[in-house]
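In: Show me the folded form of this:
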Amino acid sequence: MEKILKQVYDYIDSQKEAIVETLREVVNIESYGYSKEDVNKVAIKFKELFEAEGLCCKLIPAEPNGYCLSGILGKDRPGKPVIFAGHMDTALEIGTLAKRPFKVVDGNAEGIGVLDMKGGIVIALYVIKALNYIGYNERPIKVIFAGDEEANHIGSNAPEIMMAEAKGGLCAFNMETGLIDNAICVGRRGRIGVQLEVTGVSSHAGNDFSSGRNAIAEMANKILKVQDITDLEAGISCSTTMINGGHSANAIPSKCTIDIDIRFDKVSQLDEIKAKLEDIAKEQVIDQTYCEVRYISKMMPFEITEGTMKLYNFIKDTAKEFGFRDFGYRKVGGASDASYLTIAGIPTLCSCGVVGEWNHTMREYAIVDTMYERAKLFATAILNIDKFDK
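Out: Numbers count the residues shown, from 1 in each chain. You can find the predicted model right below:
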């Protein structure tokens, strides 16, 4: 094993410039999650890169959003596949790259998506390259990358695609942003974005007050009940984050809309939360008003499971045995597609990608050396994966 690992590590060290250039190439293809055509461009590029390493790849439509990419290397090899997963889209609008072009400054890569999460996909690519270099053929390796995670999969079946493609996997490494303290993410809260819209009756506030049915007043009653959905002990938080209503300072408003951010810890909590929202919508304080509930976006929780912790302990032990930095673990508030892999029954770790800070901002950066470190780590893990698969 020592000889094989030296070959892997030497190969990755020899590819440092190529790794940065690959990152530069894919970052320079902007792929804002709400821009289907641009996401598809980077999906096609990643397909080419993985096919060059022998993966059998397919682009799967996830209308109305960008492609999902799935590929497998060594389909006929024995054993269950090891999965690398994540997303190809980015969070900032097309044109932002011109204001924050790709460059490397003092060992940090800058640019849109270097951290979240094209750097992680490039790590997965070079793990596969390194394993191909030494002639690895022990078990299949699979990649599954969504094209609309930053768009919260609104309107698409990308989560179902990811779950179907992950079926039968041994374990998964979700190549999301590596945490700055080198911890591995073992759990994430889920999120739903919701709108309530109250319709009332508009009238003149002075001359015809009694005919009006004030939508804002009705919504005010509902907001307090919405806030009461929060149950911090159960891991549920509910925040009214935006409000919009009325059209004139001297008219009774006929419309009021609020946006709600709801975070929750367990998949099983979603139905209960929805039932409470529906009850709030039905309850009428002001007669002749009506309330509609709209579910705008949904990302399910990444629950901490026995399989996830077994995989974490395997990675931690691998790191210790082979001289990598120590790993802690954390549960974080933001959602990711690790949730869908776990729902599919696959032990999954998240935040396995390049380490850095400031996702979703113009300050986003990735620490380049951690790309090499993590490529070596996950190649080492795959070469020792039988210790996990017991």
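
In: Look at the most centrally placed residue in the chain and give its secondary structure.
Out: Centroid check for the chain by C-alpha atoms, centre = their mean gives residue 336 as the closest residue, at 2.9 Å. With DSSP: H, G, I helix; E, B strand; the rest coil as the basis, residue 336 sits in coil.

In: before we move on, what about residue 165?
Out: Strictly by three-state DSSP, residue 165 counts as helix.

In: how near is it to residue 322?
Out: Separation of residue 165 from residue 322 (C-beta to C-beta, to the nearest Å): 30 Å. All C-beta spots, glycine's among them, are computed from the backbone N, C-alpha and C.

In: So for these two, which residue has more residues nearby?
Out: residue 165 (25 against 17; other C-beta atoms under 10 Å).

In: Next one: the more buried one, what pLDDT does it get?
Out: If you check residue 165, the pLDDT there is 98.

In: Check residue 93 too.
Out: 92.

In: residues touching it, list them.
Out: If you count contacts by C-beta atoms under 8 Å, 6 or more residues apart in numbering, residue 93 has them with 32, 35.

In: Just the strands from the stretch 1-150 of the chain, written as ranges.
Out: 56-62, 65-73, 82-87, 103-105, 108-110, 141-146 (DSSP state E, counting those that start in this stretch).

In: orientation of the longest one relative to strand 82-87 in degrees?
Out: Pointing back at strand 65-73 there. Counting by axes from the mean of the first three to the mean of the last three C-alpha atoms, to 10 degrees, strand 65-73 lies at 160 degrees to strand 82-87.

In: right, and residue 337 touches residue 86 too?
Out: Yes. Between residue 337 and residue 86 there is a contact at 6.8 Å, judged by C-beta atoms under 8 Å.

In: Which residues are in contact with residue 111?
Out: Going by C-beta under 8 Å, 6+ apart, residue 111 touches 24, 27-28, 97, 100-103, 364.

In: I meant to write residue 223 there.
Out: Counted by C-beta under 8 Å, 6+ apart, residue 223 has contacts 240, 243, 258.

In: Which positions within the host helix or strand of the last one qualify as buried?
Out: Assigned by DSSP states H and E, residue 258 belongs to strand 255-264. By neighbour count with 16 or more other C-beta atoms under 10 Å, strand 255-264 contains the buried residues 255-260, 262-264.

In: do stretch 61-70 as well
Out: Buried residues in stretch 61-70 (16+ other C-beta under 10 Å): 61-62, 65-70.

In: can you name the two of these that are farthest apart?
Out: The largest separation in those, counting by C-beta to C-beta, is between 65 and 70 at 15.5 Å.

In: just to revisit the earlier point, okay if I get the contacts of residue 111 as CSV plus neighbour count?
Out: Compiled in CSV, these are given as follows (neighbours: other C-beta atoms under 10 Å):
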residue, neighbour count
24, 18
27, 25
28, 15
97, 20
100, 18
101, 12
102, 19
103, 11
364, 24
